[in-house]
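Here is the input, now give the coordinates:
(2 chains)
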Amino acid sequence: MQEKTFNWRNAANYGLIGSVVMLYFSMIGMVEVFSTRDLIGDFLNMGHLLLFGGAIGVMLFAAKRISDHGGDFWLSTLIIGAVSPLLPILLVIMSLNFNMRPIFINVSPPLNELITLGLEPTAVGLVAFFFVTLILVALTAAFTRLPGRIRTPLTTTIVYMLSIGIFSELIIQVLNNPLIFRGFRLAGLFFTGKSLDLIPAVVLFVGFFGLFYWRGGREPKAAVEPKTRPHLDPRRRWIQLGLIVIGLAVAPWILGLFLSQALFEVGRFVLMGLGLNIVVGYAGLLDLGYVAFFAFGAYVMGVMTTETTLNMGGGVVNFWLALPIAVGISVVFGVLLGFPVLRLRGDYLAIVTLGFGEIIRLLALSDWLAPLVGGAQGILKIPNPVFFGIDFNSPQLMYYLMVIGALIVGFVSIRLRDSRLGRQWMAMREDEDVAEAMGINLVQTKLLAFAIGAGFSGLAGAIFAARLGTIFPHSFSLLISINALALIIVGGLGSIPGVIVGAIALVGLPELLREFTEYRLLMYGILLIVMMLIRPEGFLPAEVFQRELHAGEDQPEFSGAVAD
Amino acid sequence: MFKNRFRQYTWIDVLLVLAQAVVIVVIAVGLFNTFRTGAYSTAQWATLVFAGLAQGSIYALIALGYTLVYGILLMINFAHGEVYMAGAFSTVFLAHAFDRSGFLNNNPLVAILILMVFSAGISTGIALLLERIAYRPLRNAPRLIPLITAIGASFALQYTFRGLYGTQFRAYPSVTWLSQTWSIFGFTVPRVQPVVFISALALMFALYFYVERTKTGKAMRAVSEDKDVARLMGINIDRVIVSTFALGGALAGAAGIFNGLFRPAGVYYFMGFFPGIKAFTAAVLGGIGSIPGAMIGGLLLGLIESLGPNLILEGLGIPGANQLKDAIAFMILVMILIFRPQGIFGERLAEKKA
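Okay, here's the model as predicted:
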């Protein structure tokens, strides 16, 4: 990249990009959908955030470029602020003159209303929009110029406020919970419906900012000595562990039915993610057909616990007996499906596994196998597990089952990672030929990876089937494989905390943000692209990947001994 | 004596050969049964063949996009199916406008040509956008990363177009001239099928000519041989890559129009996914990186997909065989990659050790 100063042409480009982003989100209808979620009072909604986010984001990038390469800061700000609103304004003008709805279905009056900020007549609204964007961009620019002392707490405050706005449903649920707060309807103090009232919002903002500012002043900045790894201190770890266990145990009762179901989903994807983490993260085998093993676990559970042709009218077994069999059969199929792909390289392996996954889904859907697995209707009325007389028929109880499953699998993962087999996998991942030369039996190692990964997925599938009660081929599409893959990549390849973070981010968040549902996969796609461009190793990667993937970038000067 | 010759083969090879044998036997049984019972007349087979060729040529056009990009960048452009969808989906509105004004039925040739150009333009635009935003920054990254990016781009494009145009299926208007039939070799064939086939062939030959005879084509071949040496020879790699994506995109856009004319089912945002994978199968079948390979692979795949259920699966006694049409394509993909990854014309690129 040339080291040129950031001139007005660059600024215009950035402004154009910002404008395109704003236009894009408007035209695909996201802005409109998001606007149904009010954040503060009824004048600031998520749609506004998304709309102006484009301009603000672009300004942030530009500010960084300018500070790196020099340039006229305020002129650039002005240009970006002026160019950004242009395309949406153009869109509104065009949509008023031509009916664009037959083609672009989301270019509609409600969208226009949003862009013109609800003001009439339209011309006034458009002018207002222009100036609001300009002001916001200028504010963003000023923000980046603030001294760190003010900027850091301000950033944290904004993040907290946004989180409150986005997770308002969750917070209200917790605040209103009779168990903790004894019937004091605390939530009403802050929220009306789902949005914050204006005055509490301002109070909170000021309060948070004051808090963080004060805390920022107390601790010394950027510790000079390297920390002595407090997270390894055994007492702290036990306390942390204890807190987590307690938190997990009581969560369903605090959070209520809906959120327990959400947690169930997160747990399921943590299970699947851990399994896929072994195949992709440890062993380096990109498996896009992972949902096939999930399907096997679910179908085996379904077939064995209900009456279908397969058990030949004979025994209908209960959940606990069927569970290990379901896992076992998944493992067997893991080996069967892993076997043909032993010789394949990266992308081909991915495509073949994708092919397998789809074939299995199509077979499950077909009339041919319908007597066995129910075809398009699937298997119905799978019973819930019964444990010492307690019938697990609520999301809360099944959540426990999934969590325990996840914990077991997590434990196994950790032990595997640190075991000889784990090291064999990682050696194989790095370079197969060298690994073979070191005496690693590639066949065994690969098949074990597939088998164990499949087993974990089968476990998740079996529990899923018992929870849902009905399973049909639609639940076993490629999307689930991609979902699982996305979350281990975004969370961090090869690292177990990464899987959990990924699951919470990519599965938990969409459950909380219902507005997302229609655009969830779009967000996934964009997130994948952005992550690969900026941080391909994920949020919490295993150290190896972080080193590997940034190998070409500038190394800091080493002045002394290499710190560990 | 024999022991030495067979020493390089392990038990895995034995199992793979066995699996191959099983597959061949199964196919043979199916074929044999079908012909023994003689369930279908020659006319019916002919219908299937013509339809298969037409569908196959669509696959071939898309497959060319895959093979071109793979030849140069050694990456599978997972999002190519969406490039195809973009052109097809965006042009349906124009097609309806033409239909309403009568232009489409009065001057079908000109109208369709204009639609093709429009669709090719949009597809090319999307392909170039993809290259610039998602692929170019990652050119030197380990192979996994661009693949993930491609998957992400695929989803992003699908849902972008869903957001733009909505979830409804929209069918292309039917062209009167094309809905009539011709009599070829005594079989009644809807005109659209041979027209699609011949047009696609024309495009494919145009591409072949371009790659073999023009300077840019030569540059493309050079870059696919060895990127670094090509750069030393003074070839602008970036521009060549952009041209490659553009070509692939244009062909996919044209394929989109053919598909719209040929199939009444209609376009919608997810229409690119399965054709994308099938076209990739076709490219692999013919030998990825080889242009004649993609063409032959596409046609073959179309034929197999069309004839397969009736020819083989019914012979094996599988009910509802037509549902498994997609499964056949995937089976072919899997089998080719396992048993003969270089396809028909290609070089051995896919193997690793086990």
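
Quick one: name the residues of the stretch 1-150 of chain B near chain A.
Within the stretch 1-150 of chain B, the positions adjacent to chain A are B:12, B:15-16, B:19, B:75-76, B:93, B:133-134, B:137-138, B:140-149 by CB under 8 Å from any CB of the partner chain. Quick note: C-beta positions are derived from backbone N, CA and C, even for glycine.

Return the residues in contact with residue A:381.
Residue A:381 is in contact with A:306, A:469-470, counting by CB atoms under 8 Å, 6 or more residues apart in numbering or on different chains.

Are any of these buried, and if so which?
residue A:306 (16 or more other CB atoms under 10 Å in any protein chain shown).

From the contacts of residue A:381, pick out the ones that also neighbour chain B.
The subset of the contacts of residue A:381 within reach of chain B, by CB under 8 Å from any CB, is empty.

So which of the residues of the stretch 1-150 of chain B next to chain A are in helices?
The helices, defined by DSSP state H, take in B:12, B:15-16, B:19, B:93, B:144-149 from the residues of the stretch 1-150 of chain B next to chain A.

so can I have JSON lines of the residues you listed showing neighbour count?
Listed next are those as JSON lines, based on neighbours: other CB atoms under 10 Å in any protein chain shown:
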{"residue": "B:12", "neighbour count": "14"}
{"residue": "B:15", "neighbour count": "13"}
{"residue": "B:16", "neighbour count": "18"}
{"residue": "B:19", "neighbour count": "15"}
{"residue": "B:93", "neighbour count": "15"}
{"residue": "B:144", "neighbour count": "19"}
{"residue": "B:145", "neighbour count": "19"}
{"residue": "B:146", "neighbour count": "25"}
{"residue": "B:147", "neighbour count": "23"}
{"residue": "B:148", "neighbour count": "24"}
{"residue": "B:149", "neighbour count": "29"}
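
Make CSV from those and add distance to residue A:21 and pLDDT to it.
Shown next, in CSV, are these (distance: CB to CB, whole Å; pLDDT from 0 to 100):
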residue, distance to residue A:21, pLDDT
B:12, 51, 76
B:15, 53, 81
B:16, 50, 79
B:19, 51, 82
B:93, 24, 89
B:144, 28, 78
B:145, 24, 85
B:146, 23, 88
B:147, 26, 86
B:148, 22, 86
B:149, 19, 91
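
of those, closest to residue A:78?
Closest approach between these and residue A:78, by CB to CB: residue B:149, at 34.6 Å.

Tell me the residues of the stretch 151-300 of chain B that contact chain A?
B:151-160, B:162-166, B:277, B:280, B:284.

Tell me which of the residues you listed fall in strands.
Per DSSP state E, strands hold no members of these.

Could you turn the buried ones of those into a PyMOL selection?
To isolate in PyMOL the members of these that are buried, counting by 16+ other CB under 10 Å, one can use:
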select buried, chain B and resi 151+152+153+154+155+156+157+158+159+160+162+163+164+165+166+277+280+284
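
which residue is nearest the middle of the chain?
The chain I'm using is chain A. residue A:506 (1.9 Å; CA atoms, centre = their mean).

oops, I was thinking of chain B
residue B:279 (2.5 Å).

which residues touch the spatially closest residue to that one that is not a sequence neighbour?
Distances taken as CB to CB, 6 or more residues apart in numbering or on different chains put residue B:62 closest to residue B:279, at 3.6 Å, once the chain neighbours are dropped. Residue B:62 sits next to B:80-81, B:84, B:251-252, B:255, B:275-276, B:279, B:282, B:298 when contact means CB under 8 Å, 6+ apart.

what's the pLDDT at residue B:62?
Looking at residue B:62, its pLDDT reads 94.

secondary structure class for it?
Assigned by DSSP: H, G, I helix; E, B strand; the rest coil, the conformation of residue B:62 is helix.

Residue A:100 too?
Following three-state DSSP, we place residue A:100 in the coil state.

Next: the one 3 residues further on.
Secondary structure of residue A:103, reduced to three states by three-state DSSP: coil.

any idea how far chain B is from residue A:386?
37 Å (CB to the nearest CB, to the nearest Å).

give me phi/psi at that residue?
phi -120, psi 130 (degrees, to the nearest 10).

Show me the beta-bridge partners of it.
residue A:391 (DSSP bridges).

This completes my enquiry, with thanks.
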